[in-house]
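Visitor: Build me a model from this:
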Amino acid sequence: MPRMIDSHAHLNDPRFQDDVAEVVERARQAGVEAIINVGYDLPSSQSAVELAERFEGLWAVVGLHPHDAKLWSDELELGLRELVKHDKVLAIGEAGLDYYYDNSPRDEQRAVFRRQLALAQELNLPLVIHSREAAQDTLEILGEYTEVPCLLHCYSGSLEMAKIYAEMGHYFSFGGPITFQNANRLRQVVAGLPLERILLETDCPYLTPHPHRGKRNEPAYLVFVAEKLAEIHDVAVEEVIKITEANTRKFFRMGDEEDTK
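Guide: Residues are numbered from 1 along each chain as shown. Modelled structure (predicted):
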């Protein structure tokens, strides 16, 4: 069977601090060839880079989550600029808007989203997006930065909006929620998107897929997402893994297989 890439993980989360090596090994045994750890503030971004240095097949994305947009500063931006110089940093993120929790004022979220898009544009990097209950503002802001390729991580919006994003050239990643029993609407969205625009993710330690709900999520569980995606699109799981791996490499500009070793 071809090997998978977890396009969005948080092994930089404190819940992995005691057994991260074992988690990485279980992922490899489960057929995961690469794990992209995504930052949500400066310390977690630094941790993602440190993990990428420590383990083969691990990569990093650095940025500030919209929950913490209020923490943005020139010093934080300088810190991100330093981290981006590392050859295993693939993108900026996760950036975006979260109007569900509103942990930071919405005007600050929008301003910081634009700052990170501008940074990605300047550095010629893709951007990983967190967008929740903020579809229209996300779309409008992305329209200002059409040169930046974006990945809408853990996409939960409508199919109509997804088609607009796809027409703009953007990608989508899906994880454990597509396996949830009550996620029929989300599965309809997934079914309406071409596989060539979809990446696999876990968002671990969150959003653990069925049948492991209630446990800490980890990259080894990515296979359950691949299997459900194959079921939704009525294709072999090997085909899903092959296509999503190619999509992930293309979006993050990861190069050939040797680059993950």
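
Visitor: Relative to the whole chain's centre, how far out is the top strand by length along the chain?
Guide: Ordering each strand of the chain by length in residues (DSSP state E) puts strand 89-98 first. Remark: strand 89-98 is offset 8 Å from the chain centroid, using Cα atoms, centre = their mean, to the nearest Å.

Visitor: Direction included, what does it pair up with?
Guide: strand 58-62 (parallel), strand 127-132 (parallel) (DSSP bridges).

Visitor: Point out where the stretch 1-150 of the chain drops to low pLDDT.
Guide: 1 (pLDDT under 70).

Visitor: Okay, strands next: where are they in it?
Guide: 4-9, 32-38, 58-62, 89-98, 127-132, 150-152 (DSSP state E, counting those that start in this stretch).

Visitor: Quick check: next helix or strand after the shortest one?
Guide: Using DSSP states H and E, the next helix or strand after strand 150-152 towards the C-terminus is helix 159-167.

Visitor: And that following helix, what does it pack against?
Guide: helix 135-142, strand 150-152, strand 171-174, helix 184-191 (3 or more Cβ pairs under 8 Å, 6 or more residues apart in numbering; DSSP states H and E). C-betas here are computed from N, CA, C, even on glycine.

Visitor: can you rerun that using 10 Å?
Guide: Judged by 3 or more Cβ pairs under 10 Å, 6 or more residues apart in numbering; DSSP states H and E, the packing partners of helix 159-167 are strand 127-132, helix 135-142, strand 150-152, strand 171-174, helix 184-191.

Visitor: Could you export these as CSV, including mean neighbour count and distance to residue 62?
Guide: Shown next, in CSV, are these (neighbours: other Cβ atoms under 10 Å; distance: least, Cβ to Cβ, whole Å):
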stretch, mean neighbour count, distance to residue 62
strand 127-132, 26, 10
helix 135-142, 17, 20
strand 150-152, 27, 14
strand 171-174, 26, 17
helix 184-191, 16, 28
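
Visitor: would TSV of those with distance to residue 5 be doable?
Guide: Shown next, in TSV, are those (distance: least, Cβ to Cβ, whole Å):
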stretch	distance to residue 5
strand 127-132	14
helix 135-142	24
strand 150-152	12
strand 171-174	10
helix 184-191	18
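
Visitor: Which of these sits closest to residue 164?
Guide: helix 135-142 (6.5 Å; Cβ to Cβ).

Visitor: so that closest one versus strand 89-98, what angle?
Guide: Between helix 135-142 and strand 89-98, the angle formed by their directions is 140 degrees, by axes from the mean of the first three to the mean of the last three Cα atoms, to 10 degrees.

Visitor: Can you get me a residue count around residue 177?
Guide: 21 (other Cβ atoms under 10 Å).

Visitor: Please disregard the earlier target; I meant residue 122.
Guide: Applying other Cβ under 10 Å, we find 10 residues neighbouring residue 122.

Visitor: Could you pull up the residues touching the residue lying closest to residue 70 once chain neighbours are set aside?
Guide: Among residues not flanking residue 70 along the chain, residue 104 sits closest, at 4.2 Å (Cβ to Cβ, 6 or more residues apart in numbering). Residues counted as contacts of residue 104 (Cβ atoms under 10 Å, 6 or more residues apart in numbering) are 64-72, 97-98, 111-112.

Visitor: Also residue 31?
Guide: Going by Cβ under 10 Å, 6+ apart, the list of residues near residue 31 reads 1, 2, 3, 4, 219, 220, 222, 223, 226, 241.

Visitor: separation between it and residue 23?
Guide: 15 Å (Cβ to Cβ, to the nearest Å).

Visitor: same check, this time on residue 208
Guide: For residue 208 relative to residue 23 (Cβ to Cβ), the value is 13 Å.

Visitor: Mutual contacts of the two, please.
Guide: 216, 218.

Visitor: For stretch 158-166, output the C-alpha coordinates as PDB.
Guide: Provided in PDB are the C-alpha atoms of stretch 158-166 (Å, rounded to 0.1, in the frame of the first residue of the first chain):
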ATOM      1  CA  SER A 158     -20.600  24.700   2.600                       C
ATOM      2  CA  LEU A 159     -20.000  23.000  -0.700                       C
ATOM      3  CA  GLU A 160     -21.000  26.200  -2.600                       C
ATOM      4  CA  MET A 161     -18.200  28.100  -0.800                       C
ATOM      5  CA  ALA A 162     -15.800  25.200  -1.300                       C
ATOM      6  CA  LYS A 163     -16.300  25.300  -5.000                       C
ATOM      7  CA  ILE A 164     -15.400  29.000  -5.000                       C
ATOM      8  CA  TYR A 165     -12.200  28.300  -3.100                       C
ATOM      9  CA  ALA A 166     -11.400  25.500  -5.500                       C
END
